[in-house]
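A.B. asks: What shape does this take:
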Amino acid sequence: MSSIDELRCIINEELAKIKYPKDPSLLYNPIKYILDSKGKRIRSVITLASYQLFKENIKEAIPAALAIEIFHNFTLLHDDIMDNAILRRGAATVHHKWNKNIAILAGDTMLIQAYQLLNKINNKVLQDVLQIFNKTAIKVCEGQQWDMDFEMLDNISISKYIKMIEYKTASLLSASLKIGAIISETSSHNQKYLYQFGKNMGIAFQLKDDLLDTFGNPKKFGKKLGGDIISNKKTFLFLKALKISSEKQKSILIKCYSSKMDAKKKIEIVKDIFNELDIYNHTMDLILLYHKKAVQNLNNVQSSKKELLFQFSNNLLERES
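C.D. replies: Predicted coordinates:
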């Protein structure tokens, strides 16, 4: 059974084998650029990890894992355009390095490439894989739209935020695990609980990402700290702060998120209020709750090889980047 690091190496090696035409270079060079960046390959790795819970030879699952990895990077590429992000994984985003039109077209090509790879899956399970993949792709888009909608809305509940990150982030983790299980032809019971494991782990993962955006180490995080605050993103941290703040604190927060001001000053003011309200620990408590749910789901999976996924979920919980 391969370790997480070994599975990541396999994904990187397989991605490196993909040959792109030389022309038009402004279409293919950005694709190679983003796929060569320092990604953790989380979704593609857990596709293979899920498969090897039930079968040894992971070769059968590699096309699906690559498709998921390329699809995920396509979503990041377009997400960066919408967020006007400058950095991704510590390097310039595609639209910042080239331009937005080039980034959009490169992303479109990556989406098509993902479907080309899915077509290499065993016909016996292809329709089931496509069904979950297509459903998930739409969920990711719905989640992204909600994320953008929230920037313009004043009254957002924490439950609505959790639903948004379930769709935008967790759904692809869930699908990655389920697709690996489908290709292995394991039982619907195992598929169901792996999907739920991915959902709860994915919510915990995004909450940790939100936390690191404000409280992370800039040398390890790979993105500019405070990006969510600058972009007026109503993350759990902001919504929880609004819920438990005094009228004065609430007024300051709303003013910061509704008016233009110096970015450095804005981050400082908001972070000070977060510290006053102990938002770091409130967020960690919710992360631990979803992590616990994820572990309970994984316990229900019928396999003797689950230690790798337990380790994987713990690593996501403890990550600093």
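A.B. asks: Quick one: the strands in the stretch 51-200 of the chain, in order.
C.D. replies: Ranges of strands within the stretch 51-200 of the chain are 87-88, 91-92, based on DSSP state E, counting those that start in this stretch.
A.B. asks: what lines up beside the first one in the sheet?
C.D. replies: What that stands for is strand 87-88. In the sheet, strand 87-88 lines up against strand 91-92 (antiparallel) (DSSP bridges).
A.B. asks: circling back to that earlier point, lowest average confidence across the strands of the stretch 51-200 of the chain, which one?
C.D. replies: The stretch with the lowest mean pLDDT among the strands of the stretch 51-200 of the chain is strand 87-88, at a mean of 84.
A.B. asks: Read off the pLDDT value for residue 130.
C.D. replies: Per-residue pLDDT puts residue 130 at 98.
A.B. asks: ah, wrong one, I meant residue 222
C.D. replies: At residue 222, pLDDT is 59.
A.B. asks: With residue 89 instead?
C.D. replies: pLDDT at residue 89 comes out at 82.
A.B. asks: Hmm, residue 39 and it touching each other?
C.D. replies: Yes. Counting by CB atoms under 8 Å, residue 39 is a contact partner of residue 89 at 6.3 Å. Where you see a C-beta, it was placed from the backbone N, CA and C, and this is true even at glycine.
A.B. asks: Could you pull up the contacting residues of the residue positioned nearest the centre of the chain?
C.D. replies: The centroid of the chain falls nearest to residue 169 when counting by CA atoms, centre = their mean (4.4 Å). Shown in contact with residue 169 (CB atoms under 8 Å, 6 or more residues apart in numbering): 143, 202-203, 205-206, 209.
A.B. asks: ok, and the most crowded of these?
C.D. replies: The member of those surrounded by the most neighbours (other CB atoms under 10 Å) is residue 202, with 28 neighbours in all.
A.B. asks: per-residue confidence averaged over the helix or strand containing that residue?
C.D. replies: Following DSSP states H and E, the helix or strand that holds residue 202 is helix 188-215. Helix 188-215 shows a mean pLDDT of 96.
A.B. asks: Skip ahead from the lowest-mean-pLDDT helix or strand in the chain and say which helix or strand is next.
C.D. replies: The helix or strand of the chain with the poorest confidence is helix 218-221; it has a mean of 65 (mean pLDDT, DSSP states H and E). Downstream of helix 218-221, the first helix or strand assigned by DSSP H and E is helix 227-230.
A.B. asks: Go ahead and name everything in contact with that following helix.
C.D. replies: Helix 227-230 has contacts (CB under 8 Å, 6+ apart) with 83, 85, 210, 213-214, 233, 235, 237-238, 256, 263, 266-267, 270-271.
A.B. asks: How about stretch 104-121?
C.D. replies: So stretch 104-121 is in contact with 27-28, 30-31, 34, 63-64, 66-68, 70-71, 73-74, 77-78, 81, 94, 126, 129-130, 133, 183, going by CB under 8 Å, 6+ apart.
A.B. asks: how distant is that stretch from the center of its chain?
C.D. replies: Between the centre of stretch 104-121 and the centre of its chain there are 18 Å (CA atoms, centre = their mean, to the nearest Å).
A.B. asks: show me where pLDDT drops low in this protein?
C.D. replies: Along the chain, the parts satisfying pLDDT under 70 run over 219-223, 321.
A.B. asks: Next, the buried residues of the helix holding residue 202.
C.D. replies: Residues of helix 188-215 classed as buried by neighbour count (16 or more other CB atoms under 10 Å): 190-191, 193-215.
A.B. asks: and if you look at stretch 22-41?
C.D. replies: Buried, per 16+ other CB under 10 Å, within stretch 22-41: 28-31, 33-35, 37, 39, 41.
A.B. asks: Take the residues you listed and keep only those in helices.
C.D. replies: Counting by DSSP state H, the part of the buried residues of stretch 22-41 found in helices is 28-31, 33-35.
A.B. asks: Nearest to residue 311 among the residues you listed?
C.D. replies: residue 35 (25.7 Å; CB to CB).
A.B. asks: Please list all residues in contact with the closest residue to the closest one other than its chain neighbours.
C.D. replies: Closest residue to residue 35 apart from its sequence neighbours, by CB to CB, 6 or more residues apart in numbering: residue 15 at 5.4 Å. For residue 15, the contacting residues are 35, 66, 69, by CB under 8 Å, 6+ apart.
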